[in-house]
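Q: After the sequence you'll find the predicted model.
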Amino acid sequence: MTCEVSYLPRLPKNKNVAIGCIGSGFIMADCHLVAYRKAGFNPVAIASRNPDNAKAVAQRHGLAKTFASYQELLRDPEIEVVDIAVPPDVQLEVMREVVKHNDHIRGVLAQKPMGMNFDEAKEIVEMCEQAGIALAVNQNMRYDQSIRACKDVLDRGYLGAPVFASIDMRAIPHWMPWQQRLGWVTLRIMSIHHLDAFRYLFGDPIRVFASTRPDPRTQEKFAHQDGICLYILEYENGFRAAAWDDVWAGPTADGVENDIYIRWRVEGRDGVARGTIGWPDYPRATPSTIDFTTTAAPGHWHSPRWDEVWFPDAFVGTMAQLLCALEEGHQPEIGGRDNLKTMALVDACYRSAHEHRAIELSDYLGNRS
């Protein structure tokens, strides 16, 4: 028996919606715009705090318009969707300007994290709802091909009822300059992907316990608490999920051999799935993988493969789900209201690590949503 698996995003029928881009850093220049051109989307304008960089990115990707400020870009009546890729401490300021232009702006794709914390994220969500603007969040790990395939495997029932899941990350990301001024390392930058992926695959937990320590390598550059992060999610039905987000991964800069990887695993009553995430090899294009075994087709591992990679191909999906929502008149798959639960979960991890105890998510959201 052949087990079918779907891993690609659904695309809109109309790809000509005009997209205005705010931000011209790596994530916009090397991920968003590369993916949009590949998918046939229609980015038409860009603005950033560095106008020269914005012009270079516009020339590289064939954008017709470059604006001296994002305020000028937002006033352009041609633009229907805004793609925001700015640091989290700038997002709220930008969103306050976006909602003033709901006469022509219909949708926003906001970078994760959606603001500095849950409270800012909640303000952003409420502003967009009041303005009638569809808000989606760029939680792009949901469109990593192996995570998308895992969701499909679960939905098809190949694994049966989930029992346990884990993510094991031993990788050294390229940290962004703004992290130093915010004092953040892992929880709001990397762990937010894993926490959101757990929510995407298995729904919302009832509590979380987190433990963190500084990353020795990064601690030499700036003070922080959330370097190496360990956390356990508890679900009401007994399911458990856990992650080890290790951005130290050993003294590799001192000649120790690398052992860099991200692996995930899901165990169910009727099967097991395991996978790898390819992005630590970037810029080498390394596809993520999935292998699964199931009682529906026993006796061997099923190993679908593909050529697409997370960076940049997953970014097709995050914009596509917003364009589909606008086209069909429903909420985006990764809507702002839904993403408040991911933001709350991240904040709960910080609180759990600080207070050395498990945090109930229902209490947290009940008090603050």
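A: The structure has been received and is ready for your questions.
Q: how about the helices in the stretch 1-150 of the chain?
A: Counting by DSSP state H, counting those that start in this stretch, the stretch 1-150 of the chain has these helices, from start to end: 26, 33-39, 51-61, 70-74, 88-98, 118-131, 145-155.
Q: Tell me which other helices or strands the third one touches.
A: So that's helix 51-61. On a contact count with 3 or more CB pairs under 8 Å, 6 or more residues apart in numbering; DSSP states H and E, helix 51-61 meets helix 33-39, strand 42-47, strand 65-67. Quick note: C-beta positions are derived from backbone N, CA and C, even for glycine.
Q: gap between the helix or strand harbouring Arg265 and the chain center?
A: For Arg265, the element it lies in under DSSP states H and E is strand 261-268. In terms of CA atoms, centre = their mean, to the nearest Å, the centre of strand 261-268 is set 18 Å apart from its chain centre.
Q: That strand pairs with which strands, parallel or anti?
A: For strand 261-268, the pairing partners within the sheet under DSSP bridges are strand 162-170 (antiparallel), strand 271-276 (antiparallel).
Q: Relative to Glu257, which of the ones you listed is closest?
A: strand 162-170 (12.5 Å; CB to CB).
Q: Trp244 should be in a strand, yeah?
A: Yes - the assignment for Trp244 by DSSP: H, G, I helix; E, B strand; the rest coil puts it in a strand.
Q: And the pLDDT for it?
A: Trp244 is assigned 98 on the pLDDT scale.
Q: go on, the one 4 residues further on?
A: Trp248 is assigned a pLDDT of 95 by the prediction.
Q: ok, it - how many residues close by?
A: The local packing of Trp248 (other CB atoms under 10 Å) involves 18 other residues.
Q: and the helices of the stretch 1-150 of the chain, which is most packed in?
A: Mean neighbour counts were taken over the helices of the stretch 1-150 of the chain using mean count of other CB atoms under 10 Å, and the top value, a mean of 22, falls to helix 145-155.
Q: quick one, it and strand 162-170 angle?
A: Put simply, helix 145-155 runs at 170 degrees to strand 162-170, going by axes from the mean of the first three to the mean of the last three CA atoms, to 10 degrees.
Q: what helices or strands is helix 145-155 leaning on?
A: helix 192-202, strand 261-268, strand 271-276, strand 289-294.
Q: C-terminal to the longest one, what's the next element?
A: Okay, so that is helix 192-202. Past helix 192-202, the next helix or strand by DSSP H and E is strand 207-213.
Q: partners of that next one, with directions?
A: Under the rule (DSSP bridges), strand 207-213 has strand 228-234 (antiparallel), strand 359-360 (antiparallel) as partners.
Q: now these as TSV including mean neighbour count?
A: Below are the strands paired with strand 207-213 laid out as TSV (neighbours: other CB atoms under 10 Å):
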stretch	mean neighbour count
strand 228-234	21
strand 359-360	18
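Q: Determine which of these approaches Glu123 most closely.
A: Across these, closest to Glu123 is strand 359-360 (CB to CB), at 21.8 Å.
Q: Quick test: name the residue nearest the centre of the protein.
A: Against the mean C-alpha coordinate of the chain, by CA atoms, centre = their mean, the closest residue is Gln139 at 2.3 Å.
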